[in-house]
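Undergrad: I'd like to go over a predicted model; first the sequence, then the structure.
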Amino acid sequence: MRRNLVQIERVGCYNCGSVRNTPYDTENGFQLVKCSSCGLVYLSPRPSQSEITAATKTGQHRGDDLIDTTGMFSDAAIPRYLDILKDFFPKRMEQTASWLDIGCGHGEFITSIERYFGGKVSAKGCEPNKSKIASANRHGLDVTYFDLSSHDREYDIVSALNVFSHLPDPIETLRDWGQLIRPGGLLFLETGHSSHLKPVDHHKPYYVPDHLSFANRGIVESILAKIGFRVCKTKIYRHSVFLPLSWKATLREGGKLVLRRPNRFREMFPKQPKRDMFILARRENF
């Protein structure tokens with residue numbers, strides 16, 4: 001389905017408000033631009049809000065090619081999430097806490113939360129994609145969809161992993177989500193640390209128009225401070241698109257290179273492999 005059937009709109013930078021930008025890269029019939037003021041990389045023109053909402057529910061994003069991001073539950077993601085939880089919550093929980101995971105997908109992170117904290121955390125997920133909800137429910141997880149803007153419950157911790165880059169206006173959305181966090185509670189985010197990279201060094205595909213923007217540590221931490229959060233900890237991990245570094249993988253891919261067989265040896269050594277950013281922040285605007 002061609003991009004000219006997609007309703008589009010031209011936008012400025014949501015971070016600093018500037019409309020000055022320079023071309024950054026193209027993919028799937030869309031143009032990525034870089035803000036001339038703050039360096040945010042974003043899609044403009046991009047699909048209209050109605051297009052974005054519909055695609056979020058179905059997992060199907062229209063461009064020159066139709067991409068489906070629904071996927072399936074991945075057991076392989078859980079060990080990594082458990083390691084990350086240990087990095088950010090080394091002391092576990094002493095008291096029972098409530099946790100909402102927004103955009104939880106198939107529920108791998110909720111599964112990891114339950115395994116790591118045991119009965120100390122009551123975790124639930126909010127997910128707009130019906131297929132992902134059904135998948136999470138089959139794994140015994142408390143996942144459904146509800147209107148976050150009218151949700152009247154507060155949580156000790158709210159997380160949103162790989163959600164920031166899909167939001168048309170992350171600043172306003174995170175400000176609204178902050179109202180779901182009890183005073184002094186925590187926000188746990190995952191997004192990319194990549195807008196400072198040159199296009200040739202950026203990991204691809206961009207998966208546009210599913211992804212609407214690409215930020216970095218400075219941009220996201222400044223946004224959180226602006227809307228009343230104090231950053232407690234930021235850690236940037238090796239991006240999952242790159243093969244993990246190990247002697248076994250190095251020897252395997254290096255051997256293929258020597259034998260002139262298809263290999264991923266050079267992919268193992270990108271210029272800046274650490275691009276997967278997690279941020280833990282405390283709500284202080286109360």
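TA: Cool, the structure landed. Numbers count the residues shown, from 1 in each chain.

Undergrad: Now the phi/psi pair for residue 180, please.
TA: phi -90, psi -10 (degrees, to the nearest 10).

Undergrad: Contacts only, for it.
TA: 100, 148, 151, 153, 154, 155, 158 (CB atoms under 8 Å, 6 or more residues apart in numbering). (Glycine included, C-beta is placed from N, CA and C.)

Undergrad: Recalculate using a threshold of 6 Å.
TA: Each residue near residue 180 by CB atoms under 6 Å, 6 or more residues apart in numbering is listed here: 155, 158.

Undergrad: And residue 169, by the same measure?
TA: Taking CB under 6 Å, 6+ apart, one finds residue 14 in contact with residue 169.

Undergrad: Please report how far it lies from residue 10.
TA: Residue 169 is 15 Å from residue 10, where distance means CB to CB, to the nearest Å.

Undergrad: go on, residue 275?
TA: 28 Å.

Undergrad: So for those two, which residue has more residues nearby?
TA: residue 275 (23 against 9; other CB atoms under 10 Å).

Undergrad: Just give the closest residue to that one, not the sequence neighbours.
TA: For residue 275, ignoring the flanking residues on the chain, the nearest one in space by CB to CB, 6 or more residues apart in numbering is residue 239 at 4.1 Å.

Undergrad: same thing with residue 160?
TA: residue 102 (4.5 Å).

Undergrad: For beta bridges, what are the partners of that neighbour?
TA: residue 126 (DSSP bridges).

Undergrad: doesn't residue 128 make contact with it?
TA: No - at 9.9 Å, residue 102 does not count as touching residue 128 under the criterion of CB atoms under 6 Å.

Undergrad: got the residue ranges for the helices in the chain?
TA: For the chain, applying DSSP state H gives helices covering 49-58, 77-88, 108-117, 130-138, 170-178, 217-226, 247-258.

Undergrad: Name the residues of the last one that are buried.
TA: The reference is to helix 247-258. residue 253 (16 or more other CB atoms under 10 Å).

Undergrad: Same question for stretch 186-199.
TA: Within stretch 186-199, judged by 16+ other CB under 10 Å, the buried ones are 186, 187, 188, 189, 190, 191, 192, 193, 194, 195, 196, 197.

Undergrad: neighbours of the nearest residue to the fourth one once chain neighbours are set aside, just the number please.
TA: For residue 189, the nearest residue in space outside its immediate sequence neighbours is residue 279; the separation is 4.7 Å by CB to CB, 6+ apart. By the measure other CB under 10 Å, the count of residues near residue 279 is 23.

Undergrad: swap in residue 105?
TA: 27.

Undergrad: what does residue 116 give?
TA: Neighbours of residue 116 using other CB under 10 Å come to 19.

Undergrad: Can you give me every residue that contacts it?
TA: Contacts of residue 116 by CB under 6 Å, 6+ apart are 82, 85.
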